[in-house]
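> here is the input, now give the coordinates:
(one chain, ligands or ions: 2)
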Amino acid sequence: MSVRSRVVDALDRLEPPPRAVDWSLFAFVVAEAVTGLVSFTVGVPEGWPLFWLHRALGVGIVALLGWKLARVRRRLTDPGLWRRSTALSVLTLVAALGALATGTAWVFGLDVRISYWTLLSVHVGFGLALVPLVAAHATTRFRLPRRVDFERRRTAVRYTVLLAAGAATYRLQQGVNDLLDTAGADRRFTGSQPREGEGNAAFPITSWVADDPDPIDRDAYRLTVDGLVSDPFELGADELDAGHRTEALLDCTSGWYTVQEWGGIRVGDLLDAAGGTAVEDADREPAYVRFTSVTGYRWSLPLAEAEDALLATRVGGDRLSHGHGAPARLVAPNRRGFQWVKWVTRVEVRAEYDLGQWVVTLVSGFE
Ligand SMILES: Nc1nc2c(c(=O)[nH]1)N[C@H]1C(S)=C(S)[C@@H](COP(=O)(O)O)O[C@H]1N2
Ligand SMILES: [Mo]
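Ligands and ions are numbered 1, 2, ... in the order given. Take a look at the predicted model:
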């Protein structure tokens, strides 16, 4: 047998029954959305399996989509078979191909940057659009999955092979990228690529969604330290310049990272200057520190982690530029970039977890 017929033969044996292909596509798309979004919150290397799962599922979708298109292509190419739902099918296909194409191009190091948005942002857009589209598409030819479609042993083998092949394809691509030394070669476990150099000019200015405040007047600036502390107080920008230094890696979910030396004040020292944390009543133990931006954008860290974090006024020896969060920004090692609040005006010790931060970071900055 030729290599080609062997591959075709293997693919045929791997192909699930039609209904199973359809339901798998649905499940894979949902799983991609979930792993993709959750991966945005992962900044520690132990989280690597999540990124690999996202990649393997993506390659799996290519195979599933191939099987599906081979089966239904006449419904698309033969106008006599068009129905009202065909438009939705085409739209769903476009979103799927868009997500796959942008994901693949991204992996090979291609990027286009439109102000704050990168190719990865476009990928996320396609991916999020795909979830409701696939759901709506599924209802147009709804068939419940049957047990025969997912016969236990064959199903287990099939999907294990599919995901393993997906991961192997990704690994192979890494080899190709390394060999050709493409822009996609050098990556962190998150997929982010390095931005080399020191100081303000070495890395991009990034807003998560819409934050774009006017520069803050240094002389008028006050930082409020309050909440569950003994002596709430305010201080000016110069007092934050406490000379504490730390090297930390900023990894933005738009796909780049940079290692910089940050200077400023340790948050633990800042809280000590406020007389330390204080218990107001027994039910409200100090547990989180919330950092709020002049724009309202905010994030909280557990107390112990926050104490070791830095409120930075400097980067790579320079005074922080406005775009990077002057006069002061949070430096939170092992957290993704969107949690490194810029233009901090309030540090507040709190008892409760702040669920609202997940929404506020998305909508702050909109008028
Ligand atoms: N107030 C505020 N802080 C913010 C953001 C924002 O939009 N508003 N963007 C975050 C994101 S997504 C990242 S990656 C980092 C980027 O920091 P930089 O602009 O200094 O590179 O800042 C974070 N801090
Ligand atoms: Mo980011």
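> residue contacts, the closest residue to ligand 2 within the chain?
Taking C-beta to the ion, ligand 2 has its nearest neighbour within the chain at Cys252, 3.4 Å off. For glycine as for every other residue, the C-beta is placed from the backbone atoms N, C-alpha and C. When contacts are counted by C-beta atoms under 8 Å, 6 or more residues apart in numbering, Cys252 is found next to Ser192, Pro204, Thr206, Arg336, Gly337, Phe338.
> now those residues in CSV, with pLDDT, distance to Leu14 and neighbour count?
Putting the contacts of Cys252 into CSV (pLDDT from 0 to 100; distance: C-beta to C-beta, whole Å; neighbours: other C-beta atoms under 10 Å) gives the following:
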residue, pLDDT, distance to Leu14, neighbour count
Ser192, 94, 33, 22
Pro204, 93, 42, 14
Thr206, 91, 41, 19
Arg336, 97, 36, 19
Gly337, 97, 39, 21
Phe338, 96, 39, 20
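> pull the most distant pair out of those.
Taking C-beta to C-beta as the measure, the contacts of Cys252 span a maximum distance of 14.8 Å, between Pro204 and Arg336.
> ok, which of the contacts of Cys252 also contact ligand 1?
Taking C-beta under 6 Å from any ligand atom as the test, ligand 1 is in contact with Pro204, Thr206, Gly337, Phe338 out of the contacts of Cys252.
> returning to that earlier point: next up, phi/psi of the residue of the chain closest to ligand 2, please.
Backbone geometry at Cys252, expressed as degrees, to the nearest 10, gives phi -90, psi 140.
> end-to-end on stretch 320-327?
Counting by C-alpha to C-alpha, to the nearest Å, the length from the leading to the trailing residue of stretch 320-327 is 7 Å.
> please compute how far that stretch lies from its chain's middle.
23 Å (C-alpha atoms, centre = their mean, to the nearest Å).
> is that stretch in proximity to ligand 1?
Yes - Stretch 320-327 comes into contact with ligand 1 when judged by C-beta under 6 Å from any ligand atom, the residues involved being His324, Gly325.
> tell me where this structure has helices.
Shown for the chain, the helices assigned by DSSP state H span residues 3-14, 18-39, 48-77, 86-107, 119-140, 152-180, 237-240, 267-273, 303-308, 357-363.
> in this structure Val259 contacts Asp251, no?
No - judged on C-beta atoms under 8 Å, Val259 makes no contact with Asp251 at a distance of 9.8 Å.
> more neighbours: which of the two?
Remark: of Val259 and Asp251, Asp251 carries more neighbours, 23 against 16, as counted by other C-beta atoms under 10 Å.
> if we ignore the residues flanking it in sequence, what's nearest the more buried one?
Ranked by C-beta to C-beta, 6 or more residues apart in numbering and with sequence neighbours excluded, the top spatial neighbour of Asp251 is Tyr257, at 4.1 Å.
> what about that neighbour, neighbour count?
Counted with other C-beta under 10 Å, Tyr257 comes out at 20.
> now do Thr139
9.
> renumber starting at 851 from here on
Shifting the count to begin at 851 puts that one at Thr989.
> which residues does the residue lying closest to Glu865 once chain neighbours are set aside contact?
Nearest in space to Glu865, with sequence neighbours left out and distances taken as C-beta to C-beta, 6+ apart, is Trp917 at 5.1 Å. Counting by C-beta under 8 Å, 6+ apart, Trp917 touches Glu865, Pro866, Val871.
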